[in-house]
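Student: Sequence and predicted structure are below.
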Amino acid sequence: MEIEKFYYDNKIVKYFAYATILWGVVGMLVGLIAALQLVIPSLSFDFSMTTFGRIRPLHTNAAIFAFVGNAIFMGVYHSLQRLSKARMFSDTLSMIHFWGWQAIIVAAALTLLLGYTSGKEYAELEWPIDIAITIIWVVFGWNMFETILKRRTSHIYVAIWFYIATFVTVAVLHIVNSLAVPVGFMKSYSLFAGVQDALVQWWYGHNAVAFFLTTPYLGLMYYYLPKAANRPIYSYKLSIIHFWALIFLYIWAGPHHLLYSSLPDWTQALGVTFSVMLIAPSWGGMLNGLLTLRGAWDKVREDPVLKFLVVAVTAYGLATFEGPMLSLKSVNALAHFTDWIIGHVHIGALGWNGFMTFGIIYWLIPKIFKTELFSKKLANIHFWLGTLGILIYAIPLYWGGVTQALMWKEFTPEGFLKYPNFLETVTQIIPMYHARAFGGALYLIGAIIMVYNVIKTVKAGSFVANEAVEAPARVQVESKRQKGEGYHRWLERKPIQFMAWALVAILIGGAVEVVPTYLIKSNIPTIESVKPYTPLELQGRDIYIREGCYVCHSQWVRPFRSETERYGEYSKAGEFVYDHPFQWGSRRTGPDLARIGVVTERNYKPDSWHYNHMADPQSVSPQSIMPAYPWLISNKLDNKTLTRKIEVMQYFGVPYPEGYGDNQALIDLEVQANKIANNLKNGGIETTSDKEIIALIAYLQRLGTDIYKK
Amino acid sequence: MKLVSHYLQQIEGIAIFPIISLIIFMSVFVLASWYALKMRKDQVQYMSNMPLEDDELDHQDINLLN
């Protein structure tokens, strides 16, 4: 057999490792700021770029795409070369991938703070950045596939299957959910509207969890856990079943984010069924990981790397047990819109993703620097701070979530809401927010200790940029299936076919779920009296999106007495047909706004109330934790793109009159704005009709009113 | 979009989709399990040992070589 000598590229691994650490700390720090803002609203600093509605998307995007994203690439570039016994296909592509991804992160951070957002959770980035992501993702995939193709091993290890599934699925999810028509350089409208947009968004949102936070990390688990424990995975057979069951089931589960919404019932039922079934493969994976350590628990006690990995896998087990429970309709009715969900995702993010990443970093950095870790003791301190941090983060949020949900639902014996004032249910859980921020701070301190440990390790070691390897050349087997070779066995040496099947698996799920809702009229009953937004309301809606109001306010009243009593008539699918994008939200830090404009409902407020409330919420709702929006009071409304906005809406089929955007839209806008300015004047407020606040008030007063019109 | 939706709206009984999906899932699951259980022992061993093979040349570095 011919032995070939070649070199692994460690430089790209080092780059991604450093980026992971840097963005990890930044992302957690921004998260801590967000947590503190919920305790001390003045930390939004009355300044647009630092307001909670923009900080929170920055945190989620940084944690998911910057921290976890770079960690995935670090692990893939390191393990893929070793599992393929080949250097990465192209150093140039690796570098384009690295610098491209970092540029995207910087652009994302700036634009999110500036208020450029699509208004869809975890997919907030605007269209030019979306295009850049697509290009860089393809560069990554190309580099990966070429490496797999030129591998020296005959078969593909299970970790790589997970990488392949990640690559195709994320590509599909990202492209479909980002479909939008630009109305300007950094502004676009989602191609989908209302219920359809919600479905596509949560099909994406859930599978971002599945295929960005889970499958690549399972791949990493299947490589680094055996590596760190120095023993093979417990059951390779189980990993095969695990893989196919997981990717097939995950793709259907999205609708569990939309239970009791106006989504068709059968879609909801489908989402619940598949979510519950997901326990099986998830726990299969977890057990496979933990059982790998059977008989090696003495090692776990010694080795901080293994400690991190064990807690990571355990957290994965917890989160994937909790997830299916939360998708049961009865549990969901209670937990949805509360902090329970925030606790749940942080078990996943801090436990599974965070700890897995830390474990890999502690293992990998000494390896590529040919030295020992600077301090095991500091790593252990990190481990304990992190573990405590997770607990002190999550437990209070579970407690607060349940407390608040019960308060929302409680009636007096006379049949009135026990806590009709929403704010009462907020102030009740503020102590939990203190605890949560403290837990988060502990976790962050742990990560900073890691930074120090890594710097010291790097200083002590000497970096091996190109690691020499010898391996036999691959025996060339015919591409056709050999005699006696099983089909899957054959597939395991055919990466492209493999990807094709993985793609088929996830496309079936996506199509079955999304297509019918998109296409069947009867699924979305139209309501005669629902009309398009007026130009001023449309502008106001765009301000609502820009300021990220959806991170605190839902617009979706569920059909429960406790909600119809509090907010008004429950939401109907037909009410959202002109909402590009939908703004249903996912967390009620503030009250639902779906019917805020309905004069006969209990929460109705006059224009002047909204004006004062937006300028300074605490002046009208003492103890409110909503940030102030003084810039809306002074900013002039920008109508430059109004014509284009109307045209894009018309292109979507929103029935504005022919040529409406040319002139008439602006005229109508001014008439309506003057009316509101006059109203405010009568309420004792001096302002002019060309301010942003006027448009926002117009939008709020429109919300939920259409079904009452004749 | 309207063009596409027009045709797909004609599909009758589209709500049978979820049942189809369940059947497809079950078949994939059964096939994968069947394959996994029937896997030969030497194959399983070969595959599960893949991450453990270390072939780095005793930590040589190209930079140190030249």
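Tutor: Yes, it's here.
Student: Does A:Val183 belong to a helix, a strand or coil?
Tutor: Three-state call for A:Val183 (DSSP: H, G, I helix; E, B strand; the rest coil): strand.
Student: For it, which residues are in contact?
Tutor: Contacts for A:Val183 were tallied using CB atoms under 8 Å, 6 or more residues apart in numbering or on different chains; they are A:189, A:641, A:644-645, A:648. In short, each C-beta sits where N, CA and C put it, glycine included.
Student: And the strands in the chain?
Tutor: As the question left the chain open, I've gone with chain A. In chain A, strands defined by DSSP state E lie at A:3-9, A:180-184, A:187-190, A:466-472, listed in chain order.
Student: wait, I meant chain B there
Tutor: Using DSSP E, strands in chain B cover B:56-61.
Student: which residues in it form helices?
Tutor: Using DSSP state H, the helices of chain B run over B:2-8, B:17-38, B:41-48, B:62-65.
Student: Comparing these by mean pLDDT, which bottoms out?
Tutor: If you rank the helices of chain B by mean pLDDT, helix B:62-65 sits at the bottom with a mean of 44.
Student: For A:Pro532, give me its contacts.
Tutor: Residues counted as contacts of A:Pro532 (CB under 8 Å, 6+ apart) are A:578, A:649, A:654-656.
Student: and it, what pLDDT?
Tutor: The model reports A:Pro532 with a pLDDT of 96.
Student: Quick one: the helices in the stretch 1-150 of chain A, in order.
Tutor: Assigned helices in the stretch 1-150 of chain A, in chain order: A:11-37, A:52-61, A:69-84, A:91-114, A:127-149 (criterion: DSSP state H, counting those that start in this stretch).
Student: Using neighbour counts, pick out the buried residues of the last one.
Tutor: So the one you mean is helix A:127-149. Within helix A:127-149, the residues that qualify as buried are A:127, A:129-130, A:132-133, A:136-137, A:139-141, A:143-148, counting by 16 or more other CB atoms under 10 Å in any protein chain shown.
Student: Only C-alpha atoms, please: export it in CSV.
Tutor: C-alpha atoms of helix A:127-149 as CSV (Å, rounded to 0.1, in the frame of the first residue of the first chain):
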residue,chain,number,x,y,z
TRP,A,127,-31.4,41.0,2.5
PRO,A,128,-27.8,42.1,1.6
ILE,A,129,-26.5,40.3,4.6
ASP,A,130,-28.7,37.3,3.8
ILE,A,131,-27.1,37.1,0.4
ALA,A,132,-23.6,37.3,1.9
ILE,A,133,-24.5,34.5,4.3
THR,A,134,-25.7,32.3,1.4
ILE,A,135,-22.5,32.8,-0.5
ILE,A,136,-20.2,32.1,2.4
TRP,A,137,-22.3,29.1,3.4
VAL,A,138,-21.8,27.7,-0.1
VAL,A,139,-18.0,28.3,0.1
PHE,A,140,-18.1,26.3,3.4
GLY,A,141,-20.0,23.5,1.8
TRP,A,142,-17.9,23.4,-1.3
ASN,A,143,-14.7,23.2,0.7
MET,A,144,-16.2,20.5,2.9
PHE,A,145,-17.4,18.3,0.1
GLU,A,146,-14.2,18.6,-1.9
THR,A,147,-12.4,17.5,1.2
ILE,A,148,-14.7,14.6,1.7
LEU,A,149,-14.3,13.6,-1.9
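Student: by how many degrees do it and strand A:180-184 diverge?
Tutor: Interaxial angle of helix A:127-149 relative to strand A:180-184 (axes from the mean of the first three to the mean of the last three CA atoms, to 10 degrees): 140 degrees.
Student: Give me every residue in the stretch 351-500 of chain A lying close to chain B.
Tutor: Within reach of chain B by CB under 8 Å from any CB of the partner chain, the stretch 351-500 of chain A has these residues: A:370, A:462, A:464-471, A:486-489, A:492.
Student: which one of these is nearest A:Met407?
Tutor: A:Met407 has its nearest neighbour among these in A:His488, at 52.9 Å by CB to CB.
Student: Could you report the neighbour count for the closest one?
Tutor: For A:His488, the neighbour count with other CB atoms under 10 Å in any protein chain shown is 18.
Student: if I pick it, what's in contact with it?
Tutor: A:His488 neighbours (CB under 8 Å, 6+ apart): A:240, B:32, B:35.
Student: most neighbours, which of those residues?
Tutor: Within the contacts of A:His488, most neighbours by other CB under 10 Å means A:Ile240, with 22 neighbours.
Student: any idea how far that residue lies from chain B?
Tutor: 4 Å (CB to the nearest CB, to the nearest Å).
Student: Tell me the predicted confidence for that residue.
Tutor: For A:Ile240, the pLDDT comes out at 90.
Student: Equivalent analysis for B:His59, please.
Tutor: So, for B:His59, pLDDT stands at 46.
Student: cool, B:Met1 as well?
Tutor: For B:Met1, the model assigns a pLDDT of 43.
Student: what's the spacing between A:Tyr116 and A:Tyr611?
Tutor: Separation of A:Tyr116 from A:Tyr611 (CB to CB, to the nearest Å) stands at 26 Å.
Student: now A:Ile449
Tutor: Counting by CB to CB - A:Ile449 and A:Tyr611 are separated by 48 Å.
Student: Ok, A:Lys377 next?
Tutor: A:Lys377 is 58 Å from A:Tyr611, by CB to CB.
Student: and A:Ala333, how many neighbours?
Tutor: If we define neighbours as other CB under 10 Å, then A:Ala333 has 17 of them.
Student: is it true that it touches A:Arg558?
Tutor: Yes: counting by CB atoms under 8 Å, A:Ala333 touches A:Arg558, with 7.5 Å between them.
Student: any weak-confidence spans in the stretch 401-550 of chain A?
Tutor: For the stretch 401-550 of chain A, the stretches flagged by pLDDT under 70 are A:513-525.
Student: which bits of the stretch 551-700 of chain A sit near chain B?
Tutor: Residues of the stretch 551-700 of chain A lying near chain B (CB under 8 Å from any CB): A:Gly653.
Student: Nearest the geometric middle of chain A, what residue?
Tutor: Nearest to the geometric centre of chain A sits A:Tyr122, at 3.7 Å (CA atoms, centre = their mean).
Student: So in chain A, where's the weakest helix or strand by average pLDDT?
Tutor: Least confident helix or strand of chain A, by mean pLDDT, DSSP states H and E, is helix A:495-519 with a mean of 74.
Student: where's stretch A:622-642 relative to the chain centroid, distance-wise?
Tutor: Between the centre of stretch A:622-642 and the centre of its chain there are 26 Å (CA atoms, centre = their mean, to the nearest Å).
Student: Leaving out the residues flanking it, which one is nearest to A:Thr387?
Tutor: Sequence neighbours aside, A:Val311 is the residue nearest to A:Thr387 in space, at 6.2 Å (criterion: CB to CB, 6 or more residues apart in numbering or on different chains).
Student: That neighbour: neighbour count?
Tutor: By other CB under 10 Å, the residues close to A:Val311 number 21.
Student: For it, give me its contacts.
Tutor: By CB under 8 Å, 6+ apart, the contact set of A:Val311 is A:351, A:355, A:383, A:387.
Student: OK, now which residue of the stretch 51-200 of chain A is nearest to chain B?
Tutor: Distance from chain B to each residue of the stretch 51-200 of chain A (CB to the nearest CB) is smallest for A:Tyr157, at 4.3 Å.
Student: swap in the stretch 601-710 of chain A?
Tutor: Closest point on the stretch 601-710 of chain A to chain B, by CB to the nearest CB, is A:Gly653, at 6.7 Å.
Student: how close does that residue sit to A:Leu306?
Tutor: Separation of A:Gly653 from A:Leu306 (CB to CB) stands at 57 Å.
Student: Between those two, tell me which one has more neighbours.
Tutor: Neighbour comparison, A:Gly653 and A:Leu306: the larger count goes to A:Leu306, with 21 against 11 (by other CB under 10 Å).
Student: Give me the phi and psi for the closest residue to A:Ile596 other than its chain neighbours.
Tutor: Closest residue to A:Ile596 apart from its sequence neighbours, by CB to CB, 6+ apart: A:Leu703 at 5.0 Å. When read as degrees, to the nearest 10, the backbone of A:Leu703 gives phi -60, psi 130.
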